[in-house]
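> Pasting the sequence and the predicted coordinates here, then a few questions.
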Amino acid sequence: MRKQRGIDRNLDVVHSGLVLWQQQKPTATSFGSIVGRERIARLLLTKDQLNVQLPVSDESAKEFADAQQHQGIGRSPAAKLSVVDLNSEQQVTLRTVNVPKGPEGLGLSIKGGSEGTHRVPIVISKVLPGLSAAKTNQVFVGDLIVEVNGMSLEGKTHEEVVQLLKDSTGSHVTLTLKRDSSASPLLRNTAETSPVSDHVTVFKSALKTPMLYQQSPKLEEKTIIIEEPQNNLVFESEDDVVGNGGEKWKTICKIPLPLAFVSRYLWATDKLRSNAFEVRSVDGRSSGIIHCEDRKALEQWVQHIDSHINALNRKTIRMSNKYLHASDRIAFIGWLEERRRPMDTFSPTNINNNYYNNFPVSTDPRQQWAQRFLIFKGADVCLFETPPLNADELDKCVCMHKIYETALRTAIKRIDRREHVFALSTVHGQEHYCSFQSREQLHRFEIAFYGCLYKSVNTMQTRTFACSYDGRPAGLVIDTRLGFSLYDISSKSYIWQYGFSELESSSDDGKMRVQFIFRNDAVAQAIDVRQLDVKDIECDEPLALVFTLHSFYIAKIMGADPEFLQDLPLS
């Protein structure tokens with residue numbers, strides 16, 4: 001039965017069912033802790049959203065729906081609160097927080113800022129544990145900064161806000177913060193007078209959730225019917241559902257699936273939940289802990305949600321690549337988790353090194369894993385703390401490596417209980433030890449990695465390393481077609497050349513010396529005697545040379561595999 005009280009539309013529900021649900025307590029560090037008892041709930045999965053519903057008879061339904069407005073935000077009684085009226089219908093809470101200026105700064109990171117005619121709010125994207133902002137217990141990830149020391153940030157660029165925070169005089173900085181429940185802090189613009197164009201920059205258009213951008217903060221009452229014979233669900237409004245027997249359900253949580261993250265592990269640990277999982281949206285909102293009846297039901301839910309997230313991610317890639325040069329196109333995006341390094345592994349000589357600081361550090365033995373957002377872009381492997389929101393932020397990752405200067409290993413010894421792990425070694429002598437949630441995710445990553453490696457090597461085709469040979473300056477050239485050649489700078493000529501198939505072995509001391517042993521096929525054919533030529537060179541980048549050599553060999557092998565070439569996407 002359809003009630004004509006509003007605009008009719010069908011909601012495409014692809015999977016639904018009853019589960020047990022536990023509320024996730026919001027904390028300043030985003031490491032949620034479970035509170036309260038398990039409650040019967042219903043999940044509704046659409047192509048781009050997961051809805052969590054509680055029976056209307058459950059008194060906690062309304063309370064939790066209200067609490068979702070502050071998901072991920074703690075509140076301190078010491079914070080100075082004031083309420084202002086927006087559009088005479090929407091209330092937004094402002095609070096003023098004094099953050100002491102410590103030797104390490106304020107201890108927070110920001111995103112956003114005006115860009116041309118497009119106004120993006122300044123959002124706190126990270127609060128560093130143990131530093132000034134975190135110690136106030138009043139500054140949280142997702143807060144919008146409205147004013148700094150009484151100065152409005154309206155219309156200011158990201159760089160101007162950063163400089164304003166740095167140049168602030170006095171022993172503390174006064175921040176006026178806002179939590180706007182009508183807008184997602186990382187994906188929406190806050191002013192209706194400054195609409196965001198769908199095609200302004202690459203990731204501003206690609207990473208947005210269409211629902212979030214197109215939906216007005218003031219929702220009209222709508223009548224919705226779900227065409228699902230098994231449940232006969234009828235939506236009377238956006239939040240209330242009538243099920244069999246006339247029982248009503250209240251939607252207490254809506255998680256958009258674009259760039260969302262599904263986890264079966266206790267947050268930042270290697271402990272697997274028993275038949276339970278959690279979904280987090282791109283802006284950090286949690287679905288709460290969802291408990292399934294058995295392992296089969298759990299696998300069905302996780303598989304359904306993960307497949308829809310993956311489909312939306314592929315759509316994001318296609319949209320983004322419309323604005324990118326062929327050499328910079330994106331081949332993969334997705335969440336993974338990286339093993340944190342114990343603080344005692346950092347020595348005074350490298351603690352200030354930017355490269356080492358890019359690795360997540362563990363100060364709490366219980367929190368051993370950190371979320372990372374991975375992008376393969378052109379020949380670059382980029383790791384972010386949060387997904388980039390525009391083209392400029394694509395270059396602001398926590399670490400970036402050329403894919404041909406890395407080595408992927410999946411047949412490795414596990415260091416804890418996480419199963420689907422891999423190690424990515426780099427030319428810096430360090431490696432990223434990372435984990436995916438499932439074997440399917442790891443498999444998709446491997447395919448994307450080697451596909452990206454193959455394309456980058458064939459795009460580059462040749463690479464030259466400055467070196468010395470027999471005490472003379474030279475250049476070692478590695479070419480996809482010609483193999484290995486040594487160019488003597490003094491004589492301006494090539495003094496030897498070998499094909500890839502003629503390389504018997506190679507070794508290095510990790511510092512400067514690299515040795516190649518080649519099989520001389522020309523001599524062997526002439527005198528029917530197997531001859532090995534040993535070539536010793538000195539190079540300032542021995543690891544880069546070895547990793548590049550490894551990548552070229554992989555690309556050669558993949559190029560000889562008809563099945564791989566057939567499956568390789570054209571774009």
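Received the coordinates, thanks.
> Do a quick rundown of the helices in this structure.
Here the chain has its helices, by DSSP state H, at 60-67, 132-135, 158-166, 202-206, 210-214, 295-321, 354-357, 439-460, 521-527, 542-559, 562-567.
> nearest to W369, of these?
helix 439-460 (14.9 Å; Cβ to Cβ). (C-beta placed from N, C-alpha, C; glycine too.)
> From the contact counts, what lies against that closest one?
helix 295-321, strand 330-339, strand 369-377, strand 406-409, strand 421-426, helix 542-559 (3 or more Cβ pairs under 8 Å, 6 or more residues apart in numbering; DSSP states H and E).
> what residues are up against N310?
G334, R444 (Cβ atoms under 8 Å, 6 or more residues apart in numbering).
> From H443, how far off is it?
Distance, N310 to H443, using Cβ to Cβ, to the nearest Å: 12 Å.
> Mean pLDDT and distance to L175 added to the helices and strands packed on helix 439-460, as CSV?
As requested, the helices and strands packed on helix 439-460 are exported to CSV (pLDDT from 0 to 100; distance: least, Cβ to Cβ, whole Å):
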stretch, mean pLDDT, distance to L175
helix 295-321, 95, 32
strand 330-339, 96, 29
strand 369-377, 96, 25
strand 406-409, 96, 40
strand 421-426, 96, 37
helix 542-559, 94, 44
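> On the strand side of things, show who the nearest residue to D536 once chain neighbours are set aside bridges to.
Leaving aside its sequence neighbours, D536 sits nearest to Q515 (Cβ to Cβ, 6 or more residues apart in numbering; 5.2 Å). Under the criterion DSSP bridges, Q515 forms beta bridges with S507, D536.
> export the helices and strands packed on helix 439-460 to TSV and tack on distance to M400?
Output for these, formatted as TSV (distance: least, Cβ to Cβ, whole Å):
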stretch	distance to M400
helix 295-321	17
strand 330-339	14
strand 369-377	9
strand 406-409	11
strand 421-426	10
helix 542-559	15
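> Any idea which of these gets closest to K178?
For these, proximity to K178 was assessed by Cβ to Cβ; strand 369-377 is nearest, at 25.1 Å.
> Adjacent strands (with direction) for the closest one?
strand 330-339 (antiparallel), strand 380-384 (antiparallel).
> ok, G170 - contacts?
Neighbouring residues of G170 by Cβ under 8 Å, 6+ apart: K101.
> any idea how far it is from E446?
Note on G170: its distance to E446, by Cβ to Cβ, is 53 Å.
> What's the end-to-end length of stretch 479-489?
Length of stretch 479-489, first residue to last, Cα to Cα, to the nearest Å: 18 Å.
> Check which residues of that stretch are buried.
D479, T480, G483, F484, S485, L486, Y487, D488 (16 or more other Cβ atoms under 10 Å).
> How many residues are close by H401?
Around H401 sit 19 other residues, with neighbours defined as other Cβ atoms under 10 Å.
> Find the nearest non-adjacent residue to it, please.
Here the residue nearest H401, using Cβ to Cβ, 6+ apart, is V381, at 4.7 Å.
> Ok, R414 next?
R414 sits nearest to V421 (Cβ to Cβ, 6+ apart), 5.9 Å away.
> What's the local residue count around that neighbour?
V421, neighbours per other Cβ under 10 Å, totals 21.
> Could you do Q368 as well?
For Q368, the neighbour count with other Cβ under 10 Å is 21.
> can you give me phi and psi for the nearest residue to it once chain neighbours are set aside?
Computed as Cβ to Cβ, 6+ apart, the closest residue to Q368 that is not its neighbour in sequence is R340, at 5.3 Å. For R340, the backbone dihedrals are phi -70, psi 150 (criterion: degrees, to the nearest 10).
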